[in-house]
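**Student:** can you look at this prediction? I've put the sequence above it.
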Amino acid sequence: MQLITLVRHGQASYGAVNYDNLSELGHAQTLALGKAVAEQQICPDVLVAGGMQRHTQTAQNIAAALPIQPDATPYPAFNEFAFREVVDSFLAKNPHETPLSDAPRTAFYRVLKLAMQAWSKDELDDLSETYAGFQTRVVKGVVQLQKDFPEAKHIMVSTSGGAIAMYLGYVLGLTADKTVATNLQIYNSSLHRFLVNTDTSYLTGFNDVAYLHTQPSMLTYS
């Protein structure tokens, strides 16, 4: 079996014009992760990234401490879902749920959870991707990795929390509600390990940020 480690990107730039860019803290988190991977001697044979800028930046920062470089081919199967599109569609149907402009960040994540739950039930309109389609995309991405790197013992993927939660939900047979709830508990720059072959997948590690436990100020969800 192959070990596939899904890594959530470091903290992105919440509230900025370009969210798809690691914050200063996000860079620090992922550089620390690379050093931890090297120190723990869990270097992957292959390091790939989804097609988003924050995925590429995360992979590059991890690789800075390793004897390998990220594979040049992007894997858009591991891109995040269009969460702003999902939220906008939800609020169009539920305008009373719109947070105030000065509301805390937690208010946005409450709406995001409600929107994702509605999305999973096919209650939203005019979306580029269904909830089921998103999960299928991620699962196919894992299958593609096995085909592209059949000799690799350990493949590491820089991706997003939604993609990780979707694959976890698939492997464990979680309900949509539990998958959505799990999604919102995934730390930035966390490790999620799966043993896979052509027939099955097993979860062997979830939300690992042990390398940051001595630096609690670096532990973030968003």
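**Tutor:** It's in.

**Student:** which SSE is immediately downstream of the helix or strand where Lys113 lies?
**Tutor:** Take DSSP states H and E as the rule and Lys113 turns out to sit in helix 105-120. Per DSSP H and E, the first helix or strand lying C-terminal to helix 105-120 is helix 131-148.

**Student:** which helices and strands does the following helix or strand past that next one pack with?
**Tutor:** Per DSSP H and E, the first helix or strand lying C-terminal to helix 131-148 is strand 154-159. If you count contacts as 3 or more CB pairs under 8 Å, 6 or more residues apart in numbering; DSSP states H and E, strand 154-159 packs onto strand 2-8, strand 46-49, helix 53-63. Yep, even glycine has a C-beta here, placed from its N, CA and C like the rest.

**Student:** partners of the second one, with directions?
**Tutor:** Spelled out, that is strand 46-49. Partners of strand 46-49 in the sheet, by DSSP bridges, are strand 154-159 (parallel).

**Student:** find the nearest non-adjacent residue to the spatially most central residue of the chain, please.
**Tutor:** Geometric centre of the chain, nearest residue: Ser160, 1.9 Å, by CA atoms, centre = their mean. For Ser160, ignoring the flanking residues on the chain, the nearest one in space by CB to CB, 6 or more residues apart in numbering is Glu80 at 3.7 Å.

**Student:** how close does the one you found sit to His192?
**Tutor:** Here the criterion is CB to CB, to the nearest Å. By it, Glu80 lies 15 Å from His192.

**Student:** how's this protein carved up into domains?
**Tutor:** With domains defined by automatic domain parsing, the chain comprises 2-79+152-218, 82-128.

**Student:** please identify the deepest-packed of these.
**Tutor:** domain 2-79+152-218 (a mean of 19; mean count of other CB atoms under 10 Å).
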